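K.L.:
Any chance you can model this:
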Amino acid sequence: MKKKVLILYTGGTIGMTRTENGYAPQSGRFRAALDEISDLRASELPVWELTELEPLLDSSNMTVHEWNKIARAVAEQYDRYDGFVILHGTDTMAYTASALSFMLGNLGKPVVLTGSQIPLCEVRSDGRDNIITSLLIAGAGRVNEVCLYFGGKLLRGNRATKYSADGLIAFISPNYPSLAEAGITIRYNESALLPKPKGALQLQLLENVPIGVLKVFPGIQFSLFEQIMTEKLRGIVIETFGAGNIPGDGGALLPIIEKAFCNGTVLTVCSQCPQGAVALGTYETSNALKRAGAVSGLDMTTEAAVAKLYYLFSCGYDKETVKRKMEEDLCGEMTAP
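P.N.:
Take a look at the predicted model:
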């Protein structure tokens with residue numbers, strides 16, 4: 001019996017058409033574009049069906065609301081299909097992949113996000129191969145997690161980050177190996193895959209919790225950011241230098257962080273370096289963060305750290321539990337120390 005795969009089309013470059021104001025997604029046009037690709041009717045492919053979410057979005061407009069719609073759509077159709085392909089814009093694809101990896105607990109089927117750098121309506125579009133290979137992966141049932149396929153590589157969704165704005169190799173996974181590579185055949189890296197879970201799918205929708213991201217730079221004046229550290233801010237990801245280092249700035253940061261900590265804000269430290277891990281306290285310049293109660297994001301991407309904060313607060317955990325779980329590997333998003 002042939003496998004069945006559901007394609008969820010959310011918008012993004014892959015389905016955009018030319019308009020007088022530039023490329024834009026247009027409802028109802030994408031199905032016709034797929035019908036023109038004869039290979040999508042090949043016997044090797046699983047049976048697939050298409051659902052178009054409303055409204056179609058450029059991925060820069062994705063929010064927690066859209067993440068909930070996508071996750072709910074997967075959960076509602078989970079028993080009817082063997083796998084899922086989510087067509088998504090590239091700009092925030094890694095954020096959505098990270099969020100879904102936490103939201104879809106006990107996932108026992110492939111959920112593959114993909115898209116393209118060139119619209120499907122153009123002759124040189126990379127979307128054709130990305131869709132076909134994603135369908136094969138989703139139908140094969142070899143992976144039991146949210147992943148991202150692009151440019152010949154299958155990456156763990158919460159380990160991926162966008163690397164290029166205009167290259168066809170648009171995503172990398174700097175701290176975790178590829179789950180599979182598509183050449184003449186699709187070669188799976190069995191040792192990198194998550195094991196098949198026990199139990200039913202567990203859907204956790206997200207609340208639109210106030211979360212921020214602060215990127216440290218030379219000469220930063222931390223006092224300018226003090227006003228955002230209010231009791232309303234539940235979590236913040238600080239992108240530091242190297243292994244968690246920050247400028248001293250005359251000790252101005254420490255009281256700001258302590259104020260945020262007293263307000264209940266969870267501060268997670270990630271590195272601006274794509275590869276490697278945060279090690280708070282290794283250098284003197286990271287001690288202020290550690291003493292003030294910040295937690296280490298280790299080798300998590302910023303995308304994964306943001307999604308994880310949304311998830312943990314949406315689960316209803318208190319601040320101390322969120323802090324503890326931010327340093328625990330929940331679904332393959334980090335390398336546990």
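K.L.:
any idea how the protein splits into domains?
P.N.:
4-203, 211-326 (automatic domain parsing).
K.L.:
just how off-centre is stretch 87-107 within its chain?
P.N.:
4 Å (CA atoms, centre = their mean, to the nearest Å).
K.L.:
buried stuff in that stretch?
P.N.:
87-105, 107 (16 or more other CB atoms under 10 Å). All C-beta atoms are positioned from the backbone trio N, CA, C, and that covers glycine.
K.L.:
And for stretch 32-39?
P.N.:
Quick answer for stretch 32-39 (16+ other CB under 10 Å): 33-34.
K.L.:
Keep only those of the buried residues of stretch 87-107 that are in strands.
P.N.:
Residues of these located in strands (DSSP state E): 87, 104-105.
K.L.:
Let me know the closest of the residues you listed to Arg291.
P.N.:
Taking CB to CB as the measure, Arg291 lies nearest Gly105 of these, at 34.2 Å.
K.L.:
Turn the ones in strands among the buried residues of stretch 87-107 into TSV, including distance to Ala138 and pLDDT.
P.N.:
What follows is those, written out as TSV (distance: CB to CB, whole Å; pLDDT from 0 to 100):
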residue	distance to Ala138	pLDDT
Leu87	12	97
Leu104	14	98
Gly105	19	97
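K.L.:
Show me what the lowest-mean-pLDDT helix or strand in the chain is packed up against.
P.N.:
Every helix and strand of the chain was ranked by mean pLDDT, DSSP states H and E. The lowest is strand 22-25, at a mean of 71. Secondary-structure packing of strand 22-25 (3 or more CB pairs under 8 Å, 6 or more residues apart in numbering; DSSP states H and E): strand 16-19.
K.L.:
Listing partners with orientation, what would you give for the strand it packs on?
P.N.:
Here strand 16-19 is paired, per DSSP bridges, with strand 22-25 (antiparallel).
K.L.:
after the strand it pairs with comes which helix or strand?
P.N.:
For strand 22-25, the following helix or strand on the C-terminal side (DSSP states H and E) is helix 29-35.
K.L.:
helix or strand right after that next one?
P.N.:
Following helix 29-35 in sequence order, the next helix or strand is strand 47-57 (DSSP H and E).
K.L.:
That next one - contacts with which helices or strands?
P.N.:
strand 4-11, helix 29-35, helix 64-76.
K.L.:
Can I get these in CSV including distance to Thr185 and mean pLDDT?
P.N.:
Putting those into CSV (distance: least, CB to CB, whole Å; pLDDT from 0 to 100) gives the following:
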stretch, distance to Thr185, mean pLDDT
strand 4-11, 19, 96
helix 29-35, 24, 86
helix 64-76, 28, 98
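K.L.:
can you tell which of those is closest to Ser43?
P.N.:
Across those, closest to Ser43 is strand 4-11 (CB to CB), at 14.6 Å.
K.L.:
same for the closest one, what does it pack against?
P.N.:
strand 47-57, helix 64-76, strand 83-87, helix 127-140.
K.L.:
Let me know which of these is tucked in deepest.
P.N.:
Per-stretch averages of neighbours, counted by mean count of other CB atoms under 10 Å, single out strand 83-87 among those, with a mean of 27.
K.L.:
Mind putting the ones in strands among the buried residues of stretch 87-107 into CSV with distance to Asn68?
P.N.:
Shown next, in CSV, are these (distance: CB to CB, whole Å):
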residue, distance to Asn68
Leu87, 18
Leu104, 12
Gly105, 15
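K.L.:
Return the set of buried residues in whichever strand or helix holds Glu320.
P.N.:
Secondary structure from DSSP H and E places Glu320 in helix 319-326. Using 16+ other CB under 10 Å as the test for burial, helix 319-326 gives 319, 322-323, 325-326.
K.L.:
Can you tell me which of these is nearest Lys153?
P.N.:
Distance to Lys153 across the buried residues of helix 319-326 (CB to CB) is lowest for Met326, with 27.7 Å.
K.L.:
Need the per-residue pLDDT for the nearest residue to that closest one once chain neighbours are set aside.
P.N.:
Sequence neighbours aside, Val295 is the residue nearest to Met326 in space, at 4.8 Å (criterion: CB to CB, 6 or more residues apart in numbering). Per-residue confidence at Val295 stands at 91 (pLDDT).
K.L.:
now the one 3 residues further on
P.N.:
The pLDDT attached to Leu298 in the predicted structure is 94.
K.L.:
show me the contacts for it.
P.N.:
By CB atoms under 8 Å, 6 or more residues apart in numbering, the contact set of Leu298 is 277-278, 327, 334-337.
K.L.:
cool, and Ala73?
P.N.:
If you count contacts by CB under 8 Å, 6+ apart, Ala73 has them with 8, 51, 53.
K.L.:
Could you check the pLDDT of the last one?
P.N.:
Right, the one you point to is Leu53. Taking Leu53 on its own, its pLDDT is 93.
K.L.:
Count the residues that sit near the closest residue to it other than its chain neighbours.
P.N.:
Computed as CB to CB, 6+ apart, the closest residue to Leu53 that is not its neighbour in sequence is Thr10, at 5.1 Å. Residues near Thr10, counting by other CB atoms under 10 Å, number 28.
K.L.:
ok, the buried residues of helix 319-326 vs Val237, which is closest?
P.N.:
Using CB to CB, these come closest to Val237 at Met326, 9.9 Å.
K.L.:
any idea how far the closest one is from Gly297?
P.N.:
Using CB to CB, to the nearest Å, Met326 is found at 7 Å from Gly297.
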